[in-house]
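S.K.: build the 3D model from these lines:
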Amino acid sequence: MDCKELIFSAHAIQRMFERRIETIHIKAIIKYGEIITEYPDDLPFPSYLILGWVNNRPIHAVVAINGKSKRCYIITAYIPDPSLWSSDFRKRELK
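M.R.: Model prediction:
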C-alpha cells in the first residue's frame, strides 16, 4: 500500500497503546503486510484489513486510504484472537 502520510485516529492510538503495538510496527505492516479484506464502500475512503507479522506476532491493522492524496488513515490495530481466526490469521472463523 502506497501511503505518503499516516494519520492515526484517536481510537487507533489508544488501542495501539493498550496492545503494545508501536507506530513502526504499523508502518511495516502497511509496507510489507498482506491485504486480507477490502471494504471498497467504506466512507469517506475505502479501507483495508492488513495482516502483518512483527516479532513472530500477527497484527491486523484497518487502514483507509485517500486515493488522490495517498494519505492513509489508521483506524485500529489489534492482535487477532486465534479462536476467531484461521490458523494463518487470514480468514475469520465462524464459531
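
S.K.: please make it C-alpha for all contacts and neighbour counts, starting now.
M.R.: OK.

S.K.: the residue most central in space within the chain: which element?
M.R.: Nearest to the mean C-alpha position of the chain, by C-alpha atoms, centre = their mean, lies Ala61 at 1.2 Å. Using DSSP states H and E, Ala61 sits in strand 57-66.

S.K.: which other helices and strands contact that strand?
M.R.: Secondary-structure packing of strand 57-66 (3 or more C-alpha pairs under 8 Å, 6 or more residues apart in numbering; DSSP states H and E): helix 23-32, strand 47-54, strand 71-78.

S.K.: reformat the ones you listed as TSV; add mean neighbour count and mean pLDDT.
M.R.: Listed next are the helices and strands packed on strand 57-66 as TSV, based on neighbours: other C-alpha atoms under 10 Å; pLDDT from 0 to 100:
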stretch	mean neighbour count	mean pLDDT
helix 23-32	17	96
strand 47-54	21	97
strand 71-78	20	98
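
S.K.: between these, which one is nearest to Lys91?
M.R.: Judged by C-alpha to C-alpha, the one of the helices and strands packed on strand 57-66 that comes nearest to Lys91 is strand 47-54, at 10.5 Å.

S.K.: tell me the strands beside the closest one, with direction?
M.R.: strand 34-39 (antiparallel), strand 57-66 (antiparallel) (DSSP bridges).

S.K.: rewinding a little: format the helices and strands packed on strand 57-66 as JSON lines; extra columns: distance to Glu38.
M.R.: Shown next, in JSON lines, are those (distance: least, C-alpha to C-alpha, whole Å):
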{"stretch": "helix 23-32", "distance to Glu38": "14"}
{"stretch": "strand 47-54", "distance to Glu38": "5"}
{"stretch": "strand 71-78", "distance to Glu38": "14"}
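
S.K.: poorly predicted segments of this structure, please.
M.R.: Counting by pLDDT under 70, the chain contains low-confidence ranges at 95.

S.K.: so who does the residue lying closest to Ile29 once chain neighbours are set aside touch?
M.R.: Take Ile29 and drop its neighbours on the chain: the residue closest to it by C-alpha to C-alpha, 6 or more residues apart in numbering is Gly52, 4.7 Å away. For Gly52, the contacting residues are Ala28, Ile29, Ile30, Tyr32, Gly33, Glu34, Pro58, Ile59, His60, by C-alpha atoms under 8 Å, 6 or more residues apart in numbering.
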